[in-house]
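>>> sequence and predicted structure below; questions after.
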Amino acid sequence: MYKRVLLKLSGEILSGEGKKGFDEKNSQYFTQEIKKIRDIDINVGIVIGAGNFFRGKELKDFKIQIADQLGMLGTVINSIFLKNVLEKNGLKSVVFSKIVDLPSVMPLRYDLVEDYISSGHIVIFAGGTSNPLFTTDTAAALRAIEMDAEVLIKATKVDGIYNKDPKIFSDVVKYDRITYEQAISEQLKVMDTESFSICERNNLPIIILNFFEEDSLLKAVKGEKVGTLVCDK
Ligand code: UDP
């Protein structure tokens, strides 16, 4: 059982795959799945992306360092939205960020983060790494280590890591467990190299799972075999 986890959600969790904005039905689903792990008292941190608004590289007419700032602000919008949906459903939560000064966002300070986690709040980290040219996967790896998480869980639409894209190829093999080195050397697209290497340096296990399979998150925190585990051996 992992007692303290960092959950990385793609922005599209809020909108539905390939869509923009927010979708009410999706909100109900992720709230229910997150509630299951709070109900057994797991400490939860969340990093959410902004794919339902902007991903820097999709804004072709902009310099990447400009476009990425829109992406980072998108993660703040999503984090405030997420906090409010969770709270409407009785789950105490708080948003931390270094990139904005807004009344519902707290400045990122380790002692505050710890106080809120220990008092049962879901802690949402907004604004990515605070730098353009990075992704929210890298932010998830950083924040996971900063909050002393025992595992980084990346919630995706596929049930783990495959040797080839299962949407394109039929002769694919799913990995139950792989090493950080293998994930980096095979250039597996599921997370970027920066995130894998931060986790490797800090010996933080990663679980990649299909968030849309009911109870998969709950099973992962309980240590049941689900998705793909990335670790040192
Ligand atoms: N971003 C950034 N720095 C960060 C994290 C994110 O510049 O540290 C920007 C970048 O443009 C990225 C966007 O925010 O494309 C949204 O993040 P991401 O693509 O990781 O979102 P997801 O695909 O998980 O929804």
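On my side now, so go ahead.

>>> buried sites along stretch 37-47?
Residues 37-38, 42-47 are the ones in stretch 37-47 that count as buried (16 or more other Cβ atoms under 10 Å). Just so you know, the C-beta spots here come from the backbone N, C-alpha and C atoms, and that holds for glycine as well.

>>> need the residues you listed in TSV (columns: distance to the ligand and pLDDT).
Compiled in TSV, the buried residues of stretch 37-47 are given as follows (distance: Cβ to the nearest ligand atom, whole Å; pLDDT from 0 to 100):
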residue	distance to the ligand	pLDDT
Ile37	20	98
Arg38	22	98
Ile42	22	98
Asn43	22	98
Val44	17	98
Gly45	15	98
Ile46	12	98
Val47	8	98
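
>>> out of those residues, which sit inside strands?
In strands, defined here by DSSP state E, the members of the buried residues of stretch 37-47 are 43-47.

>>> and these as CSV, adding distance to Val113?
Shown next, in CSV, are those (distance: Cβ to Cβ, whole Å):
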residue, distance to Val113
Asn43, 11
Val44, 12
Gly45, 8
Ile46, 12
Val47, 13
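
>>> wait, which of these is closest to Leu218?
Val44 (11.9 Å; Cβ to Cβ).

>>> give the contact list for the closest one.
5, 7, 34, 37-38, 122-123 (Cβ atoms under 8 Å, 6 or more residues apart in numbering).

>>> what residues does the protein put near the ligand?
Residues of the chain lying close to the ligand (Cβ under 6 Å from any ligand atom) are 10-12, 49-51, 55-56, 67-68, 71-72, 74-75, 128-129, 131-132, 134-139.
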